[in-house]
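Visitor: I would like the atomic coordinates for the input below:
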Amino acid sequence: MKFTAKYITAVLFASAVFSSCKKTVEIDPTHTINGDNFFTKVDDYDFALTGAYQKLKQNSLYSGVNGGSVWLAGPDLAGDNFYSGGSANLGNLNTLYRWNYTADEPVVQNAWDAAYLVIQQANLAMRGIDRFRASDALKVNRIEGQARVIRAHAHLELLRWWAPDFDRASTSLGIAYVDKFDVEQMPARLTVSQSYDKIEADVKAAKSMLLNTDRAIQSASSKDGTARAYADAIVCDAILARMFLYANQLDSAIKYSTFVINARPLATPDEFFAIWEDASTSEVVWSLKYQAGNAALIREIYQVSNDRSSWLPVTALLNLYGATDIRYDAYWTNIANRTVLTKYFAKPTAAANPDGVVDAKLYRTAESYLIRAEAYARKGGMDAAGLADLNTLRAARLAATGTETGATLRTAIQTERRKELVAEGHRFFDLKRTTRVVSRTQDCSIYCTLPSTDRGWALPVPRTEMLANPNMVQNPGY
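Guide: Predicted structure coming up:
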């Protein structure tokens, strides 16, 4: 990836001591280093790793400030879960809703650039670290393992948006996998299959490292605000489970989702509500930490500060929740005769006064249950196991269980994903990898249908990248 910036944030903090684990991922980097320089001691890599976590909070990724959270809200808006709030619509992410993105579109450009800046920072946290392996192998494992996870996660997000299909053996255009720190490199796109190879190799190498470190990765409790804030071996399992489901490698999807399920039980009903106020990390596998003034997640859907609804949920989605389903009250609120997404109301600063800031949940155990249920159902002959997982999740949410089999079961699992994972960055990709059609019927006169052959299933490579990198190839149709 050819970057014009010669300097990249490296996160040398004057007072942050990473070894304490306390709130380091909430501190904004304040120093830069020249990309030509190498770190001189292993602790410098620790600080660089903190910068990689921080880069995930850039606008256009998981932050909803000034441009929209493409990775978090974008898949729901490009899918069929929301429609425009009319005059209240601030315009953020309209491009994704309309599927009229172009290579010159700022939303596309910003998401691409931000993702590769995460990757570059992760690479910086690994560059030359092997020099210290002989003298401090366990610390190197902890740092390099986390950096590899962040790098693989960012590449998987890029693959979801920019690859035209997800088949494991696909020779379609995948992504440019950047696995070294070099601000002048100009890599070519791999195939989808080769992209999976790189992601899988990174995550499996990371897991091996993170099982043998100098200290625990996660904080023991949520009291210091950092529980489940870091990438550990369980996060590796969650990433692999998601990737293998997309790749239709069903046995592997079952294997790795089972690791997650065994390690992180589902939340009780009381705990589930507390998750969305950051009062509990139950069933959270990996979360991106935010603090007051840092960001307001999903503000382009519903803005807490001024009670503004840019996007409203379709009735078909709301009707999926039964009368006892706790997710309805956890995710939705009726305000001024309209139902709005309040999943990210977050920590109340006073009675009935939420601050609009909540940690982004990148991976949860609920997703692993749904991954395993779908993998069982798609394998054939294992409907009973798939239904058991689906009903386990339903029961945990106090929703009605069922007796579905065959195609009806597979549809029920997709319905449960839509209910459970709304506004967590999944809907468009679930449609892309299964039915491959978007069909909107509510408040829709244009931008109602995205057919299976439309170019809109994959974003265009930004024009600036095409001009700067002669090895880059554009997606078909752009």
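
Visitor: got the contact list for the residue most central in space within the chain?
Guide: In the chain, the C-alpha nearest the mean C-alpha coordinate belongs to Leu362, at 4.7 Å (CA atoms, centre = their mean). Counting by CB atoms under 8 Å, 6 or more residues apart in numbering, Leu362 makes contact with 62, 153, 285-288. Just so you know, the C-beta spots here come from the backbone N, C-alpha and C atoms, and that holds for glycine as well.

Visitor: minimum pLDDT in those residues, which residue is that?
Guide: For these, the weakest pLDDT value sits at Tyr62, with 87.

Visitor: how much space separates the residue lying closest to Cys448 once chain neighbours are set aside from Arg427?
Guide: Leaving aside its sequence neighbours, Cys448 sits nearest to Arg440 (CB to CB, 6 or more residues apart in numbering; 4.8 Å). Arg440 is 12 Å from Arg427, where distance means CB to CB, to the nearest Å.

Visitor: now the host helix or strand of His153: buried residues?
Guide: Following DSSP states H and E, the helix or strand that holds His153 is helix 137-162. Buried residues in helix 137-162, counted by 16 or more other CB atoms under 10 Å: 139-162.

Visitor: show me what that helix is packed up against.
Guide: Helices and strands touching helix 137-162, as assessed by 3 or more CB pairs under 8 Å, 6 or more residues apart in numbering; DSSP states H and E, comprise helix 42-55, helix 106-124, helix 192-210, helix 233-246.

Visitor: so which of the ones you listed comes closest to Pro476?
Guide: Of all those, it is helix 192-210 that lies closest to Pro476, at 13.6 Å by CB to CB.

Visitor: buried stuff in the closest one?
Guide: Across helix 192-210, burial judged by 16+ other CB under 10 Å covers 192, 195-196, 198-200, 202-203, 205-207, 209-210.

Visitor: make a markdown table out of the residues you listed and add distance to Val183 and pLDDT.
Guide: Shown next, in a markdown table, are the buried residues of helix 192-210 (distance: CB to CB, whole Å; pLDDT from 0 to 100):
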| residue | distance to Val183 | pLDDT |
| --- | --- | --- |
| Val192 | 27 | 98 |
| Ser195 | 22 | 98 |
| Tyr196 | 26 | 98 |
| Lys198 | 20 | 98 |
| Ile199 | 23 | 98 |
| Glu200 | 27 | 98 |
| Asp202 | 21 | 98 |
| Val203 | 25 | 98 |
| Ala205 | 24 | 98 |
| Ala206 | 24 | 98 |
| Lys207 | 29 | 98 |
| Met209 | 26 | 98 |
| Leu210 | 28 | 98 |
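
Visitor: let me have those residues in JSON lines, extended by distance to Thr333.
Guide: As requested, these are exported to JSON lines (distance: CB to CB, whole Å):
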{"residue": "Val192", "distance to Thr333": "40"}
{"residue": "Ser195", "distance to Thr333": "40"}
{"residue": "Tyr196", "distance to Thr333": "40"}
{"residue": "Lys198", "distance to Thr333": "42"}
{"residue": "Ile199", "distance to Thr333": "37"}
{"residue": "Glu200", "distance to Thr333": "41"}
{"residue": "Asp202", "distance to Thr333": "40"}
{"residue": "Val203", "distance to Thr333": "37"}
{"residue": "Ala205", "distance to Thr333": "44"}
{"residue": "Ala206", "distance to Thr333": "39"}
{"residue": "Lys207", "distance to Thr333": "39"}
{"residue": "Met209", "distance to Thr333": "43"}
{"residue": "Leu210", "distance to Thr333": "39"}
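
Visitor: tell me, how many residues neighbour Arg131?
Guide: 12 (other CB atoms under 10 Å).

Visitor: my error: substitute Ile335 in the last question.
Guide: Residues lying near Ile335 (other CB under 10 Å) number 12.

Visitor: spatially nearest residue to it, not counting backbone neighbours?
Guide: Leaving aside its sequence neighbours, Ile335 sits nearest to Asp307 (CB to CB, 6+ apart; 6.4 Å).

Visitor: hmm, that neighbour is touching Arg338, no?
Guide: No: under the criterion of CB atoms under 8 Å, Asp307 makes no contact with Arg338, lying 10.0 Å away.

Visitor: flag every buried residue along stretch 397-404.
Guide: Quick answer for stretch 397-404 (16+ other CB under 10 Å): 397, 399, 404.

Visitor: against Lys139, how distant is the second one?
Guide: Yep, that's Ala399 we're talking about. Applying CB to CB, the value for Ala399 to Lys139 is 45 Å.

Visitor: got it, and Tyr53?
Guide: Remark: distance between Tyr53 and Lys139 (CB to CB) = 17 Å.

Visitor: swap in Ala366?
Guide: Ala366 is 33 Å from Lys139, by CB to CB.

Visitor: coming back round to it: tell me which of the helices and strands packed on helix 137-162 sits most buried.
Guide: helix 233-246 (a mean of 25; mean count of other CB atoms under 10 Å).

Visitor: avg pLDDT for whichever helix or strand comes after that one?
Guide: Heading C-terminal from helix 233-246, the first helix or strand you meet, by DSSP H and E, is helix 250-263. Mean pLDDT, computed over helix 250-263, is 98.

Visitor: contacts made by helix 250-263 with the rest, please.
Guide: Helix 250-263 is contacted by residues 234, 237-238, 240-241, 244-245, 285, 363, 365, 368-369, 371-372, 374-376, 378-379 when judged by CB under 8 Å, 6+ apart.

Visitor: now with 7 Å?
Guide: The contact list for helix 250-263 (CB atoms under 7 Å, 6 or more residues apart in numbering) reads 234, 237-238, 240-241, 244-245, 285, 365, 368-369, 371-372, 375-376, 378-379.

Visitor: report the contact partners of Gly68.
Guide: Counting by CB under 7 Å, 6+ apart, Gly68 touches 60, 92-93, 107, 300.

Visitor: tell me the one among the residues you listed nearest to Thr40.
Guide: Ser60 (33.3 Å).

Visitor: surely Pro476 and Arg455 touch.
Guide: Yes: taking contacts as CB atoms under 7 Å, Pro476 lies within contact range of Arg455: 6.4 Å.

Visitor: tell me which of these two has more neighbours.
Guide: Legend: neighbour count by other CB under 10 Å for Pro476 and Arg455, higher for Arg455 (15 against 11).

Visitor: ok, that one - contacts?
Guide: Arg455 sits in contact with 475-478, where contact means CB under 7 Å, 6+ apart.

Visitor: what of Met466?
Guide: 103, 472, 474.

Visitor: that one in helix, strand or coil?
Guide: Classification of Met466 by DSSP: H, G, I helix; E, B strand; the rest coil places it in helix.

Visitor: quick one: which two of the contacts of Leu362 are the most distant?
Guide: Farthest apart among the contacts of Leu362 - using CB to CB - are Tyr62 and Val285, which lie 15.3 Å from each other.

Visitor: can you map out the helices along the stretch 301-450 of the chain?
Guide: 315-318, 326-331, 365-379, 383-396, 406-420, 427-433 (DSSP state H, counting those that start in this stretch).

Visitor: output the last one in CSV with nothing but the alpha carbons.
Guide: Listed next in CSV are the C-alpha coordinates belonging to helix 427-433 (Å, rounded to 0.1, in the frame of the first residue of the first chain):
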residue,chain,number,x,y,z
ARG,A,427,-26.4,-7.8,7.9
PHE,A,428,-25.1,-6.8,4.4
PHE,A,429,-22.5,-9.6,4.5
ASP,A,430,-25.0,-12.2,5.7
LEU,A,431,-27.1,-11.4,2.6
LYS,A,432,-24.0,-11.3,0.4
ARG,A,433,-22.8,-14.8,1.5
